[in-house]
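> Build me a model:
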Amino acid sequence: VNHFETARGYGTSEHQMGLAFKNLIAAGEFKRSDIIIQTKVNPKPTASEFRAEIDKSLEALQIDYIDLFSFHGLNKYSQYDLVFNELYEVALSLKTS
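Numbering: from 1, shown residues only. Sure, this is the predicted structure:
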């Protein structure tokens, strides 16, 4: 098993997983590149708010990048154009940072 999934809304899950990964990597049990880390957030109205949620996840997980990012709460009432626009804006900012 090398795929681990968590979410901002799962209480302290990101923090607990982050500590476990940090300790296992430090102990030489595996390399960061050997695992796939997935996390999720609810869509945010602006790219800057969405980016702030990603930054919180990165900090809690104690990692430099997230392999797979998902949205919670998308449904037939979601404004998909706004959600994908915010994702695009964040992707651009990550590419240039």
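> ok, and what's touching the longest helix anywhere in the chain?
Assignment by DSSP state H gives helix 80-96 as the longest helix of the chain. With contacts defined as Cβ atoms under 8 Å, 6 or more residues apart in numbering, helix 80-96 is touched by 43, 44, 45, 46, 47, 50, 51, 54, 71, 74. Where C-beta positions appear, they are placed from N, C-alpha and C, glycine not excepted.
> same thing with stretch 3-11?
Everything outside stretch 3-11 that qualifies as a contact, by Cβ under 8 Å, 6+ apart, is 13-14, 17, 35-42, 53, 56-57, 60-61, 72.
> Which strand or helix spans the spatially most central residue of the chain?
In the chain, the residue lying closest to the centroid (Cα atoms, centre = their mean) is residue 39, at 4.1 Å. Following DSSP states H and E, one finds residue 39 within strand 36-41.
> does the residue nearest to the centre of the chain really touch residue 63, like I thought?
No. The criterion here is Cβ atoms under 8 Å, and residue 39 misses it with residue 63 at 9.7 Å.
> Now, of the contacts of stretch 3-11, which are buried?
Among the contacts of stretch 3-11, those buried by neighbour count (16 or more other Cβ atoms under 10 Å) are 13, 14, 17, 35, 37, 39, 40, 41, 53, 57, 60, 61.
> from these, which two are the most distant?
Using Cβ to Cβ, the two most remote members of those are 35 and 53, lying 21.4 Å apart.
> Mind jotting down where the strands sit in this structure?
Using DSSP state E, the strands of the chain run over 3-5, 36-41, 68-71.
> average pLDDT across the second one?
By that I understand strand 36-41. Averaged over strand 36-41, pLDDT sits at 91.
> helices or strands up against that strand?
Packing partners of strand 36-41 (3 or more Cβ pairs under 8 Å, 6 or more residues apart in numbering; DSSP states H and E): strand 3-5, helix 13-26, helix 47-61, strand 68-71.
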